[in-house]
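> below are the sequence and a predicted model; questions follow.
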Amino acid sequence: MKTKSVKEHIKQQLSSAFIILFLFQAANMANAASVDELKHQRALTQAQNGAYPQALHSLKLLAAKYPQPNRYFYDYISILSWAEQHQKIVALSADLSLQQAPSYVLKAVAIAYRHQRDYQEAEKTYRIMSSRFPGLLDAKIGLGLVLIDQKQYNAARAVLFP
């Protein structure tokens, strides 16, 4: 009987230890998430103040820490656009699903293609943006401008003046 109660006591202690370990791990994960959120907010503030290299460095590290795509990766692309690093955006666009990316990321990608004079990819991106976000004026204006870049004036007129 004594052996049975010792075994039960050990099981109970192990069970308590596992619960404590689980709670400790959950607290660490929550703390890491809040630290990452603070880093993210600081990077956005840096970018708004024109400190692009620092902001991009922080966002690149955060983006790499989580499965992609993630909001840090999306914000990294957006800030690359602010910093006019269009070649990097074009290179990263291969890692994007244009059917899933938010509108501000699609806009950055389309602008990057346009700056690189890849009008066909810019047009494709603006068309996807227009179909996914039909009320978004930026998509229509961008598409119209890309059509003008390609000297497709009638098509541009149809987009810009429906």
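Looks like it came in fine.

> okay, strands next: where are they in this protein?
With DSSP state E as the criterion, the chain has no strands.

> pLDDT below threshold where in it?
Applying pLDDT under 70 to the chain flags residues 1-4, 6-7, 9-33.

> which residues touch the residue nearest to the spatial centre of the chain?
What sits nearest the mean C-alpha location of the chain, by C-alpha atoms, centre = their mean, is Tyr74, with 1.8 Å. Counting by C-beta atoms under 8 Å, 6 or more residues apart in numbering, Tyr74 touches Ala101, Pro102, Tyr104, Val105. All C-beta spots, glycine's among them, are computed from the backbone N, C-alpha and C.

> end to end on stretch 149-157, go ahead and measure it.
13 Å (C-alpha to C-alpha, to the nearest Å).

> from Ala122, how far out is Val109?
Look at Val109 and Ala122: by C-beta to C-beta, to the nearest Å, they are 8 Å apart.

> please say which of the two ends up with more neighbours.
With neighbours defined as other C-beta atoms under 10 Å, Val109 and Ala122 compare such that Val109 has more, 28 against 25.

> neighbours of the residue nearest to Asp149 when sequence neighbours are not counted, just the number please.
Closest residue in space to Asp149, ignoring its immediate chain neighbours: Tyr119 at 5.1 Å, by C-beta to C-beta, 6 or more residues apart in numbering. Neighbourhood size, Tyr119 [other C-beta under 10 Å]: 18.
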